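Participant: Any chance you can model this:
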Amino acid sequence: MSKLIDRIIPDPVRCITGISAYEAEGGFRALKKAARAGPDFVIEEIVRAGLRGRGGAGFPTGRKWAAVAEDTATPKYIICNADEGEPGTFKDRLILEKNPFLLIEGMALAAFTVKAGVGYIYLRGEYPALFHLLEDVIAQCRKKGYIGPDFMGTGADLELYVHRGAGAYICGEETAMIESLEGKRGQPRSRPPYTVNYGYMGKPTLASNVETFANVPIILNIGAESYSKIGSPESPGPKLFSVSGDVVRPGVYELPMGVPLSEIIYEHCGGIKGGRALKAVIPGGVSTAVLRSDDLACRMDFTSKCEGSMGIIGSGAVIVFDEETCMVHTAYRIAKFFAHESCGKCTPCREGTDWIRAILLRMEQGLGVEDDIRLLREVCGNIAGNSFCALGDSAAISTIGFLDKFGDEFEAHIKGKTCPFGGPV
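Facilitator: Numbers count the residues shown, from 1 in each chain. From the prediction side, this is the model:
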């Protein structure tokens, strides 16, 4: 298995924030190799490796890079999505804290490959300390010639900038992030046209998240063939999983794509805290449907099926709940998040997410009525497939998942006019 995590997090306490330390561990070797071999070599290696985007959608990275490279319009841009607003997700933060040079090398490789002269790191607003760290890292790289005028002797220029977001979850969506970068309200665009042809300032733009960029130097260093043997055939490579909730050892784990969910929880995270039983797991951030404890045979990649659900991996945020957790309260907290973060652009999401929140709050307060479960399903049905972007769909998927898996708890709240788990009423 690749030791990607050793590259990103060399040990639990040390951070590689000096460029000499990064170079001593083989840093920028991939960029030097690319400068000698040319842009086509980089794209070929990424395609052969089978790298898929690590932001949640799992789109083939090589196809995206090739589309931007083939577009003849200029100038071109690269954007790193470092917003990481999905609840339960904190893997990108560790890359930025422990080894930010890996990200810069990945972005420099992208700029060289698609012939982009300017790049932006769109940084989550809740990561203020990282802004100054990244500014310093970029300055170190510019001083050594890894970015800047005629970077790496390629004859091309590259300048990188850090842009701080304002804490809007919707700006994790690619087109909303670009709107925000342009100084507009962060709301998603209609597609097509796609960002690879019409992105930042209407020009070809390559947008990927932190973990995706961080994988590219690894591919060039170990070779596409070796990389493709890690994980599953349809989803090759390693993956960083953010594990939180009621486990003994929460944290970030690097494991091969396709690892069983049960292995993550019981082998790597030490099982459930306090010896209690496992009740439920959200496998890929709150945008994915909840699973019961008997669904843990699922393999964590972009194509595996689990109870009829495809691509459960999402952002790789595994949130674990023990037997004492109220699923109605959990569903309400998630619905409240989506209602708060809806950008308001489309009616199904703007109105529907708040309806979901209000109905679940009514149940939580002991005021639910028998028709509420039917009404919840109807509202979710009106949102799903009708919202402008995936936020509305995610809210509907989450709520329906809780209703399907834990419908008895919703009925108990309604009939008993109280929470069986001693929650708020």
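Participant: C-alpha only now, for contacts and for neighbours.
Facilitator: Fine.
Participant: Which stretches in the stretch 201-350 of the chain count as helices?
Facilitator: Secondary structure of the stretch 201-350 of the chain, counting by DSSP state H, counting those that start in this stretch: helices at 210-222, 224-228, 261-263, 327-341, 347-364.
Participant: Save those helices as CSV, and put in mean neighbour count too.
Facilitator: Formatted as CSV, the entries for the helices of the stretch 201-350 of the chain read as follows, by neighbours: other C-alpha atoms under 10 Å:
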stretch, mean neighbour count
helix 210-222, 23
helix 224-228, 19
helix 261-263, 18
helix 327-341, 20
helix 347-364, 22
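Participant: Now render those as JSON lines, adding distance to Leu130 and mean pLDDT.
Facilitator: Conversion of the helices of the stretch 201-350 of the chain to JSON lines gives the following (distance: least, C-alpha to C-alpha, whole Å; pLDDT from 0 to 100):
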{"stretch": "helix 210-222", "distance to Leu130": "13", "mean pLDDT": "96"}
{"stretch": "helix 224-228", "distance to Leu130": "29", "mean pLDDT": "95"}
{"stretch": "helix 261-263", "distance to Leu130": "31", "mean pLDDT": "94"}
{"stretch": "helix 327-341", "distance to Leu130": "23", "mean pLDDT": "96"}
{"stretch": "helix 347-364", "distance to Leu130": "32", "mean pLDDT": "95"}
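Participant: how about Glu234, what does it touch?
Facilitator: The contact partners of Glu234, by C-alpha atoms under 8 Å, 6 or more residues apart in numbering, come to 50, 302-303.
Participant: So among those residues, where is pLDDT lowest?
Facilitator: Checking pLDDT across these, the minimum falls on Thr303 at 83.
Participant: So it versus Pro233, what's the distance?
Facilitator: With the distance defined as C-alpha to C-alpha, to the nearest Å, Thr303 ends up 10 Å from Pro233.
Participant: For Thr113, the count of nearby residues, please.
Facilitator: Residue neighbour count, defined by other C-alpha atoms under 10 Å, stands at 21 for Thr113.
Participant: Repeat that for Lys184.
Facilitator: Should you count by other C-alpha under 10 Å, Lys184 turns out to have 11 residues around it.
Participant: about what we covered before: and the contacts of Glu234, which is closest to Asp92?
Facilitator: Proximity of the contacts of Glu234 to Asp92, judged by C-alpha to C-alpha, is greatest for Phe302, which lies at 18.7 Å.
Participant: Assumed Ile78 was part of a strand.
Facilitator: Yes. According to DSSP: H, G, I helix; E, B strand; the rest coil, Ile78 belongs to a strand.
Participant: Can you name the residues that contact it?
Facilitator: If a contact means C-alpha under 8 Å, 6+ apart, then Ile78 has 107, 110-111, 116, 118-120, 205-207 as its contacts.
Participant: now with 10 Å?
Facilitator: 68, 107-108, 110-111, 114-121, 160, 196, 199-200, 204-208 (C-alpha atoms under 10 Å, 6 or more residues apart in numbering).
Participant: Can you give me the separation between it and Ala214?
Facilitator: Counting by C-alpha to C-alpha, the gap from Ile78 to Ala214 is 14 Å.
Participant: cool, Pro149 as well?
Facilitator: Between Pro149 and Ala214 the distance is 23 Å, computed by C-alpha to C-alpha.
Participant: In terms of pLDDT, where does Gly423 sit?
Facilitator: Among the per-residue scores, Gly423 shows a pLDDT of 68.
Participant: residue boundaries of the strands in the stretch 1-150 of the chain?
Facilitator: 77-82, 118-123 (DSSP state E, counting those that start in this stretch).
Participant: Identify each buried residue in stretch 243-262, please.
Facilitator: The neighbour-count criterion (16 or more other C-alpha atoms under 10 Å) identifies 243-259, 261-262 as the buried residues of stretch 243-262.
Participant: from the residues you listed, which ones fall inside strands?
Facilitator: 243-245, 251-256, 259 (DSSP state E).
Participant: pretty sure Val114 is in contact with Asp71, am I right?
Facilitator: Yes. Assessed by C-alpha atoms under 10 Å, Val114 is found in contact with Asp71 at 8.9 Å.
Participant: And the two? Which one has more around it.
Facilitator: The residue with more neighbours, out of Val114 and Asp71, is Val114; 25 against 15, by other C-alpha under 10 Å.
Participant: how does this protein divide up, domain by domain?
Facilitator: According to the domain assignment given by automatic domain parsing, the chain is divided into the following structural domains: 4-228, 238-322, 327-416.
Participant: I'd like those laid out as TSV, including distance to Gly422.
Facilitator: Conversion of those to TSV gives the following (distance: least, C-alpha to C-alpha, whole Å):
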stretch	distance to Gly422
domain 4-228	24
domain 238-322	15
domain 327-416	11
